[in-house]
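Trainee: here you go, sequence then predicted model.
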Amino acid sequence: MFVAACLDAFPDLWPEVEAAVAALQLGSEAACRLVPHQDGVLTGHRFNVAAEAAHALPDHAHDHPHGHHHRHEHDDHGPHHHHGAHRAWGEIRSQIESAALDRTVTGHAVGIFALLAQAEAEVHGVAEDAVTFHEVGAVDSIIDIVAAALLITRLDATRWTSAPLPLGGGRVRTAHGLLPVPAPATALLLRGLETIDDGIAGERVTPTGAAIARYLLASHAPAVNGARRLRATGTGFGTRVLRGLSNCLRVLAFDEAEAVAGAFDYAHRQLCVITFEVDDQSAEDLTHGLDHLRALDGVHDVLQSVAFGKKGRLATHVQVLVAPERLDDAIAACFTETTTIGLRHNIVQGVALVRRFEEVDVGGRAMHVKAVTRPDGSVTGKTEAGDVAAEPGHVARTALRRAGEAAALTRLAQTSKRG
């Protein structure tokens, strides 16, 4: 359903999906179609894959564990009959890697399929290379996953989020008989992701769908709560009919707020704010810890101020500003670098003036100046503190800083006149 939903939202990508599937050279027996669909309530598309047994590999003796494999869209399956034909994970990986695909598409496809192989290996207690997939299911999922990889590459989203995934219930029929829902591999892939039991039975998320979800949601970036621009929406249908509920996946694609052109330039942005208090760590050690926090990738700033805690104890209030996609790393660092045992975090909306960076020469010394245009049209600059830190004396440092700023602003004014 992921592929169908994305293509419903961005139908112009269908020729590229067809080309990517053709590059796999699976033969005419393995074909895919994008089919318009409506269930009486909603309209959208279905991504149909027809993988015939005629394309199966020759029978061979084996004692490998088999992947309990299901189509991404399917919520109910009949038994697989072609027990003699299987594909090893290594063979599937080689086929994807040898196909004439964009390197990024190949990387996404192998990454998703590797999660599937890891889950099956854990289910059966064997090495990943010992996992084999039933032929028809394997071809189905190769096409599904490569198509998904192509779309992931072309959409190039900065963030993927999801509502809680439905667990389903009951039993699903596989080549190994009836298995509980969610299927064992699916349950492993859903670990750590938000799920919900909505009381509707059946296989609501297949192993392939769970692998795609886990691959996209692995960073656990928090949901975006601020203003966004809705760019496109798409609906992808599965084959199973659910009573009183459309069996579909909906994709919403948003554009980030962009810089606004005018008398001055600014950009909307989102930040995560982490706050906590420390009252049992020495000032010297806390300074080192906060310096380590400042150096962490994705951290914009670390602020500290004096606070009074329980029983009037003097404490340090710490505030960390971090990019949403690095929130988990920053939280871990807070617990590692300080003695706090609890913290708070939330997402805030911010507006920042667009920075320009100038390097100027002042008396043979390289100075780096950050400049912005204010709403009244004036341009201001600030010299990087590190560039003047070695200068002895407050008066000398101030003079050097101002000289750097004046040189940078003069250059910017000259550049503006020439433009």
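Mentor: The structure has been received and is ready for your questions.

Trainee: for the stretch 301-419 of the chain, what spans make up the strands?
Mentor: For the stretch 301-419 of the chain, the strands identified by DSSP state E, counting those that start in this stretch occupy 314-322, 344-353, 356-362, 365-373, 379-383, in order along the chain.

Trainee: how about these in a markdown table, adding mean pLDDT and distance to Val123?
Mentor: For the C-beta atoms, the positions are set from N, CA and C on the backbone; glycine is no exception. Putting these into a markdown table (pLDDT from 0 to 100; distance: least, Cβ to Cβ, whole Å) gives the following:
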| stretch | mean pLDDT | distance to Val123 |
| --- | --- | --- |
| strand 314-322 | 95 | 36 |
| strand 344-353 | 88 | 35 |
| strand 356-362 | 90 | 52 |
| strand 365-373 | 91 | 54 |
| strand 379-383 | 92 | 58 |
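
Trainee: make TSV out of those strands and add distance to Gly177.
Mentor: Compiled in TSV, the strands of the stretch 301-419 of the chain are given as follows (distance: least, Cβ to Cβ, whole Å):
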stretch	distance to Gly177
strand 314-322	48
strand 344-353	46
strand 356-362	64
strand 365-373	66
strand 379-383	69
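
Trainee: so which of these gets nearest Leu286?
Mentor: strand 314-322 (6.2 Å; Cβ to Cβ).

Trainee: give the pairing partners of that closest one; include direction for each.
Mentor: Paired with strand 314-322 in the same sheet, following DSSP bridges, are strand 266-278 (antiparallel), strand 299-308 (antiparallel).

Trainee: average pLDDT for the first one, rounded please.
Mentor: Which is strand 266-278. Along strand 266-278, the predicted confidence averages to a pLDDT of 88.

Trainee: name the residues of it that come out as buried.
Mentor: Within strand 266-278, the residues that count as buried by 16 or more other Cβ atoms under 10 Å are Tyr266, His268, Arg269, Gln270, Leu271, Cys272, Ile274, Phe276, Glu277, Val278.

Trainee: these: which two are farthest apart?
Mentor: Every pair in those was compared (Cβ to Cβ); the two farthest apart turn out to be Tyr266 and Val278, at 34.1 Å.

Trainee: now do stretch 21-38: distance from first to last residue.
Mentor: Using Cα to Cα, to the nearest Å, one end of stretch 21-38 lies 25 Å from the other.

Trainee: using a markdown table, lay out the strands paired with strand 314-322 together with distance to Val372.
Mentor: Formatted as a markdown table, the strands paired with strand 314-322 follow (distance: least, Cβ to Cβ, whole Å):
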| stretch | distance to Val372 |
| --- | --- |
| strand 266-278 | 9 |
| strand 299-308 | 16 |
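
Trainee: show me the shaky parts of this structure.
Mentor: Counting by pLDDT under 70, the chain contains low-confidence ranges at 28-29, 51-85, 135-137, 175-176, 219-227, 257-264, 418-419.

Trainee: tell me the domain ranges of it?
Mentor: The domain map for the chain lists 2-255, 266-353, 356-418, with the assignment taken from automatic domain parsing.

Trainee: what's the closest of the strands paired with strand 314-322 to Ala332?
Mentor: Proximity to Ala332 (Cβ to Cβ) singles out strand 266-278 among these, at 11.0 Å.

Trainee: just the angle between the helix or strand harbouring Gly289 and strand 299-308, please?
Mentor: If you go by DSSP states H and E, Gly289 is part of helix 283-294. Counting by axes from the mean of the first three to the mean of the last three Cα atoms, to 10 degrees, helix 283-294 lies at 150 degrees to strand 299-308.
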